[in-house]
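*Asks:* My questions concern the predicted model and sequence given below.
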Amino acid sequence: MEPFLHIQGMSGGYIWNRPVVHDLSFSIDSGEMVGLIGLNGAGKSTTIKHILGLLVPQQGEVRVNGLRVSDNAEKYRASFAYVPEAPELYEELTIREHLRMTAMAYGLDETQFRSRSETLAGQFDMTEKLDSFPQTLSKGMRQKVMIMNAFLVEPPLYVIDEPFLGLDPLGIRSLLDLMVERKRNGAAFLISSHILSTLETYCDRYVVLNKGRIASKGTLDELRRSAGAVPDTTLDDVFYTLVKGGPT
Ligand SMILES: Nc1ncnc2c1ncn2[C@@H]1O[C@H](COP(=O)(O)OP(=O)(O)OP(=O)(O)O)[C@@H](O)[C@H]1O
């Protein structure tokens, strides 16, 4: 069976014939968590925009559950939820209304909406904020709203961009617990983050981007081998060697 997310020979970017990511190939199976790592400007967000269908590949293709976005945009987008790096909320809607809108867009019924949104609000310590407007929330609370919206849907694929910034330690723990639970239930995860120690604990595999190209990919052991590193080397040190050619 084809992996849930499959990227094959993809080059792309913002200007036609001027790609900023080159010949990317990687895939994520259901029940797998993959870390997308790279320095600032390496191409992580650009890769994510191609997966979301916001940018069109200039070469190669992206398939989610066997579909390209051009095959059926609605069905393609219904297969995943995205948590952006910076919260994007509607100032005129309360948190509960955001959740309700997401539930409607993804076709959840009233019972699913109520039980899941109450559970998520409890997990993220946001129950008392459900009827508040975004401008009355702290930065971390706004990020929690984005996360709650993504997890409300229970999609087969989560694309998460730098999720830990701004969250307090309890929020990070709740998010990681939820990710582990959904992964156990078969969800696939692509997580882009600079917090390599956390990725090392949770991810099954990694894609290391350097200047728009894949410098290495695979399990931590496979990355260590490609970096010529000894068995106990941390992801942080392996990453440094792969992108800087430094010692481990
Ligand atoms: N909207 C845009 N228009 C043109 N070029 C862009 C745009 N956004 C990013 N780029 C360029 O694409 C390249 C990859 O940037 P990208 O944002 O994908 O990096 P990143 O790995 O997500 O970095 P960071 O860790 O800083 O978020 C960079 O050279 C950047 O200047």
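*Replies:* Thanks, I have the structure now. Residues are numbered from 1 along each chain as shown.

*Asks:* which residue is nearest the centroid of this structure?
*Replies:* Centroid-nearest residue in the chain: residue 160, 2.1 Å away (criterion: Cα atoms, centre = their mean).

*Asks:* Just read off the phi/psi values of it.
*Replies:* phi -130, psi 120 (degrees, to the nearest 10).

*Asks:* when you give positions from now on, start the count at 840
*Replies:* From this message on, residue numbering opens at 840, which makes the last subject residue 999.

*Asks:* Could you tell me the end-to-end distance of stretch 940-957?
*Replies:* 15 Å (Cα to Cα, to the nearest Å).

*Asks:* which residues touch it?
*Replies:* 917, 932, 935, 938-939, 966, 969, 987-988, 990-994 (Cβ atoms under 8 Å, 6 or more residues apart in numbering). Every C-beta, even on glycine, is put in place using the N, C-alpha and C of the backbone.

*Asks:* Now tabulate those in TSV and tack on distance to residue 1063, neighbour count and pLDDT.
*Replies:* What follows is the contacts of stretch 940-957, written out as TSV (distance: Cβ to Cβ, whole Å; neighbours: other Cβ atoms under 10 Å; pLDDT from 0 to 100):
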residue	distance to residue 1063	neighbour count	pLDDT
917	38	17	92
932	47	14	97
935	47	16	97
938	42	24	97
939	47	18	97
966	44	12	97
969	45	18	97
987	36	25	96
988	37	24	96
990	32	25	96
991	38	22	96
992	36	19	93
993	34	15	94
994	32	19	95
